Each structure stands twice: as structure tokens, then as C-alpha cells.
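K.L.:
Quick one, structure for this:
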Amino acid sequence: MGPESGTHSSLILLGFFQIDLIKKVTVRQEEKKVNKQDFQLQDKTDSIMISMWRDHTKQCKGLSVGDIIKITNMKISKYYENTSLNSTGFTEIHKVQSVGVHNVTITIIGIAKAIKKETHLDAEVNGLLHRLVVGSPLLAKAFGLNLGDLKETLLEKLPLFANAEIHGSKIKKIQQL
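P.N.:
Sure thing, here's the model as predicted:
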């Protein structure tokens with residue numbers, strides 16, 4: 001049995017599974033909106049959801065899918081059968097090893113967000129679901145689509161298959177299969 005809920009722990013967690021965008025959430029005690037960013041880490045045996053709160057979301061900047069990181073001073077939270085970790089006033093994230101560039105085949109199965117500058121894709125890479133970011137003009141060109149109605153057109157054609165050069169969670173090159 002692991003540590004009890006509410007305890008703090010120093011952990012070494014390896015690799016990102018998925019990282020979400022920063023969102024504003026209302027905190028009951030303060031009755032105001034604060035920044036929160038969630039990500040899920042996975043190793044060969046298990047995965048865990050981690051929430052970074054307030055200014056600690058800034059520590060996630062520059063981290064990419066596949067980075068090996070060390071996280072210290074997290075609060076363990078248990079809710080029924082689910083265990084998650086929350087940042088504390090002392091939480092620190094250290095990048096141990098940065099992910100390199102990968103050339104992979106991806107299956108695009110969803111569009112989380114699409115604006116003229118960039119598109120956030122839900123895609124399978126090596127059998128795992130990832131949130132990837134690609135420049136919208138690059139994506140439109142790869143699939144021969146109009147930038148103006150990119151999201152709608154992509155949604156109609158899902159799933160889509162492509163070869164991609166990925167650095168962390170960013171697609172640098174993409175070619176339709």
C-alpha cells in the first residue's frame with residue numbers, strides 16, 4: 001500500500017503520456033479563478049494524473065511528450081480507487097533528459113483546437129494517444145485543405161494517417177499517407 005492521501009513525496013516519474021492546455025478553474029476556498037494544468041505520466045507499469053496549480057503551471061513550459069522528468073514535493077490525493085498528485089508550494093519539476101526528434105506514423109483521431117496559427121490534434125503514436133500541436137498552414141498543405149475551414153474538413157475525414165517528424169509534442173513535418 002502506498003502513502004496516504006495528503007502526504008508529500010519526492011518522486012522520479014518518467015515520460016509524459018499526455019499534457020493538457022492551461023485552464024482557468026474556480027477554487028472554492030478563494031472564490032476566484034486560478035491556472036491549472038494537468039498531465040498524465042506513464043511508465044511500463046502504470047500511469048498517474050498530475051495537476052499543477054497557479055504559478056507552478058509555468059514549470060511545464062518547455063516540457064514535451066517523452067521527456068524524462070523528476071518531480072518533487074507533490075501532494076498525494078485519493079478519491080475512491082483513483083490516486084493523483086497535486087502541486088504544493090514547494091513542488092519542483094526538473095528535466096532529466098529531453099526527448100529527441102522522432103519520425104513516426106500517426107493516426108489523427110480528433111481535433112482538440114484549431115485556429116489559423118496552430119491545430120491541437122489527438123493522435124495515436126505507437127499505440128498510445130497523444131495531444132500534438134502542428135502549424136495549421138503546414139497541416140492544411142499536407143492534406144490539401146483550405147485553411148479557412150480546416151477543422152470542419154478534417155473532422156469529416158477522420159481518421160487520417162500521416163508520417164510526421166515530431167519533437168516532443170510539436171509536429172515539425174507532416175506528410176499524408
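K.L.:
Once you drop chain neighbours, what's closest to Val96?
P.N.:
Once flanking residues are discounted, Val96 sits nearest to Ile68: 4.5 Å by Cβ to Cβ, 6 or more residues apart in numbering. Where you see a C-beta, it was placed from the backbone N, CA and C, and this is true even at glycine.
K.L.:
Just the pLDDT at the one you found, thanks.
P.N.:
The score at Ile68 is 75. That number is its pLDDT.
K.L.:
I figured it hits His94, correct?
P.N.:
No: look at Ile68 against His94 with Cβ atoms under 8 Å: they stay out of range, at 9.9 Å.
K.L.:
So between the two, which is more surrounded?
P.N.:
Ranked by neighbour count (other Cβ atoms under 10 Å), Ile68 and His94 place Ile68 first, with 15 against 11.
K.L.:
any idea how far that one is from Gly135?
P.N.:
From Ile68 across to Gly135, the span is 27 Å (Cβ to Cβ, to the nearest Å).
K.L.:
try Lys173
P.N.:
Distance of Lys173 to Gly135, computed by Cβ to Cβ: 10 Å.
K.L.:
Kindly report the same for Asn126.
P.N.:
For Asn126, the distance to Gly135 - Cβ to Cβ - is 23 Å.
K.L.:
And these two? Which one has more around it.
P.N.:
Gly135 (16 against 9).
K.L.:
Verify the contact between the more buried one and His120 for me.
P.N.:
No: Gly135 lies out of contact with His120 (Cβ under 8 Å); the separation is 11.5 Å.
K.L.:
Secondary structure element holding Glu156?
P.N.:
Glu156 is part of helix 150-157, with elements assigned from DSSP states H and E.
K.L.:
and that helix, which residues are buried?
P.N.:
Leu150, Leu154 (16 or more other Cβ atoms under 10 Å).
K.L.:
cool, and stretch 105-125?
P.N.:
So for stretch 105-125, counting by 16+ other Cβ under 10 Å, buried means 106-108, 111, 114, 118-125.
K.L.:
Ok, stretch 63-77 next?
P.N.:
Within stretch 63-77, the residues that qualify as buried by neighbour count (16+ other Cβ under 10 Å) are Leu63, Ser64, Val65, Gly66, Asp67, Ile69, Ile71, Met74, Lys75, Ile76.
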